[in-house]
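Chemist: missing the sequence, but the structure's below:
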């Protein structure tokens, strides 16, 4: 599902330089699980059929298997496990990873506040060098209209009769169009990721305010935080209140992803590490790792309490790689041992590299939360999380609260609120462009495109000017445009 899979495979291989790639047999055998089984029982059953590692992060929801699995192939079993336990299932060689998708209203908050802060800072650092010269507003509208005014009669005729290739524009027109598309590609994303980074860096100075309609209904909350570049010294994010979706929830679609298997490494990482199926926290797993004379394993301090269900008959590297796939982390060799944590991402070389690295910077849990409104119970998850935040605000500021410092909330609800704010910001600044395999070619490959007009240009006329990119087979890959003289964009 995520663009991160290809990138992380590359990162783990090239960045860590620990192993090579080799075709490897996938999980074999069959799975037997009774109807109504818990996730713990499903992990134990999978581990009997999967010779490597099976790992799942522990859920706050007591999900159960809807129908029994009777001698089901692993591939078939994972389809049902994905739907019934609300998991994204990842298969890599002899390992299976079960990621939570955070669709259920009662699922816990999500990512630790510290990892949210690191994510926001990383994404803004990556996108900042791509800040466009044009910004939204009058300058962009003037550029749109100026480009339309520069179109000659001959060019207009071509645009209305099949299309005018980008290469047929004059050098000046090409330069203006590149500025226009850069604004379209990066302006909103850069602005919203900057806001998110500032919000999380100044979390202890953030204030939550309510906004009610004339009828007294709470319809929106506003979050104010320091912004040194603002004339007022502060900026704000506004979030509409999600209301429960009263429709019958759609069944969650199964989500099973296959990633490249890796050759078993030599040396310490290649040694078998047997772990009977059990629940433990990450700190406990590290303690087991370091038993005997094993080299140290460094993990993020904020993640030490993460709880997992794990069973292993594979190598030590299989265990690390399964955890890396579970949380979007990377493995690296350190001076005295190993490190398991967020990937270290270098500056992006070009728009395509930026697209991959922005995806790699987002933890899978957060990426799943960004996708929640389109799945299952719709807004139930979001509304349920925010109802808990508002209840916490009432406890510290009274039922008629108007304004409250977020640090007055208890830690759990601060974390719940931070997850929802970052989720909402990524929906604005990343999700529409970040969850496909490649960036929109109409934004980053104008040399491959052509322009069309829906009607003649002239005073008082507002035809739609579109830019399209097709693949080698003539299939449309991407496009966008604007209504001339209106300031309205079209997709």
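Modeler: Sure thing, it's come through. Values in this document were obtained by computation on a predicted structure and should not be read as measured data. Residues are numbered from 1 along each chain as shown.
Chemist: pLDDT below threshold where in the stretch 151-300 of the chain?
Modeler: Counting by pLDDT under 70, the stretch 151-300 of the chain contains low-confidence ranges at 242-251.
Chemist: that one: strands as residue ranges?
Modeler: Counting by DSSP state E, counting those that start in this stretch, one finds strands in the stretch 151-300 of the chain at the ranges 164-165, 207-212, 218-226, 234-240, 255-259, 275-281, 297-298.
Chemist: the second one versus strand 218-226: what angle between them?
Modeler: The directions of strand 207-212 and strand 218-226 differ by 150 degrees, with axes from the mean of the first three to the mean of the last three Cα atoms, to 10 degrees as the criterion.
Chemist: picking that back up, need the strands of the stretch 151-300 of the chain in CSV (columns: distance to residue 64).
Modeler: Yep, even glycine has a C-beta here, placed from its N, CA and C like the rest. Conversion of the strands of the stretch 151-300 of the chain to CSV gives the following (distance: least, Cβ to Cβ, whole Å):
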stretch, distance to residue 64
strand 164-165, 58
strand 207-212, 37
strand 218-226, 35
strand 234-240, 33
strand 255-259, 19
strand 275-281, 17
strand 297-298, 34
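Chemist: closest to residue 306 out of the ones you listed?
Modeler: With Cβ to Cβ, the closest approach to residue 306 among the strands of the stretch 151-300 of the chain belongs to strand 275-281: 6.3 Å.
Chemist: hang on, residue 131 packs against residue 188?
Modeler: No - taking Cβ atoms under 8 Å as the contact criterion, residue 131 and residue 188 are not neighbours in contact, 11.6 Å apart.
Chemist: how's the protein carved up into domains?
Modeler: As assigned by automatic domain parsing, the chain contains the domains 4-109+250-341, 139-181+438-490, 195-238+348-434.
Chemist: ok, now which ones touch the closest residue to residue 312 other than its chain neighbours?
Modeler: What sits nearest to residue 312 in space, not counting adjacent residues and going by Cβ to Cβ, 6 or more residues apart in numbering, is residue 275, at 4.0 Å. With Cβ atoms under 8 Å, 6 or more residues apart in numbering as the criterion, the residues that contact residue 275 are 288, 310-312, 319.
Chemist: which pair of the residues you listed spans the longest distance?
Modeler: Taking every pair in the contacts of residue 275 and measuring Cβ to Cβ, the maximum separation is 13.1 Å, between 288 and 311.
Chemist: more neighbours: which of the two?
Modeler: A direct count of neighbours by other Cβ atoms under 10 Å for residue 288 and residue 311 places residue 311 higher, at 23 against 14.
Chemist: for the more buried one, name its beta-bridge partners.
Modeler: On the basis of DSSP bridges, residue 311 is bridged to residue 54.
Chemist: tell me the contacts of it?
Modeler: Residue 311 makes contacts with 43-44, 46-47, 53-55, 275-278, as judged by Cβ under 8 Å, 6+ apart.
Chemist: kindly recompute the last result at 6 Å.
Modeler: The neighbourhood of residue 311, defined by Cβ atoms under 6 Å, 6 or more residues apart in numbering, consists of 47, 54, 277.
Chemist: same question for residue 320.
Modeler: Applying Cβ under 6 Å, 6+ apart, the residues contacting residue 320 are 331, 340.
Chemist: please, which helix or strand holds it?
Modeler: Here residue 320 is covered by helix 316-327, with elements defined by DSSP states H and E.
Chemist: give me the low-pLDDT residue ranges for the stretch 301-450 of the chain?
Modeler: In the predicted model, the stretch 301-450 of the chain carries pLDDT under 70 at residues 372-378, 431-436.
Chemist: which residues touch residue 188?
Modeler: For residue 188, no contacting residues are found, by Cβ under 6 Å, 6+ apart.
Chemist: gap between it and residue 480?
Modeler: Separation of residue 188 from residue 480 (Cβ to Cβ, to the nearest Å) stands at 13 Å.
Chemist: so which of the domains of the chain is nearest residue 117?
Modeler: Taking Cβ to Cβ as the criterion, domain 195-238+348-434 is the member of the domains of the chain that comes nearest to residue 117, at 4.1 Å.
Chemist: helix or strand for the spatially most central residue of the chain, which one?
Modeler: Within the chain, the residue whose C-alpha comes closest to the C-alpha centroid is residue 367; the distance, by Cα atoms, centre = their mean, is 2.8 Å. Following DSSP H and E, the helix or strand that holds residue 367 is helix 364-371.
Chemist: who's in contact with that helix?
Modeler: Residues from elsewhere that reach helix 364-371 (Cβ under 6 Å, 6+ apart): 2, 99, 101-102, 110-111, 328, 423, 426-427, 431.
Chemist: determine which two of the residues you listed are furthest apart.
Modeler: Spatial extent of the contacts of helix 364-371 (Cβ to Cβ) is set by the pair 99 and 427 at 19.4 Å.
Chemist: neighbour count winner among the two?
Modeler: Neighbour totals were compared for residue 99 and residue 427, and residue 99 leads with 26 against 16 (other Cβ under 10 Å).
Chemist: confirm for me that the more buried one is in contact with residue 88.
Modeler: Yes - the pair formed by residue 99 and residue 88 meets the contact definition of Cβ atoms under 6 Å, at 4.3 Å.
Chemist: the longest helix in this protein is where?
Modeler: For the chain, the longest helix by residue count, based on DSSP state H, is helix 171-201.
Chemist: let me know the angle separating that one from strand 234-240.
Modeler: Comparing the axes of helix 171-201 and strand 234-240 via the same axes, to 10 degrees yields an angle of 90 degrees.
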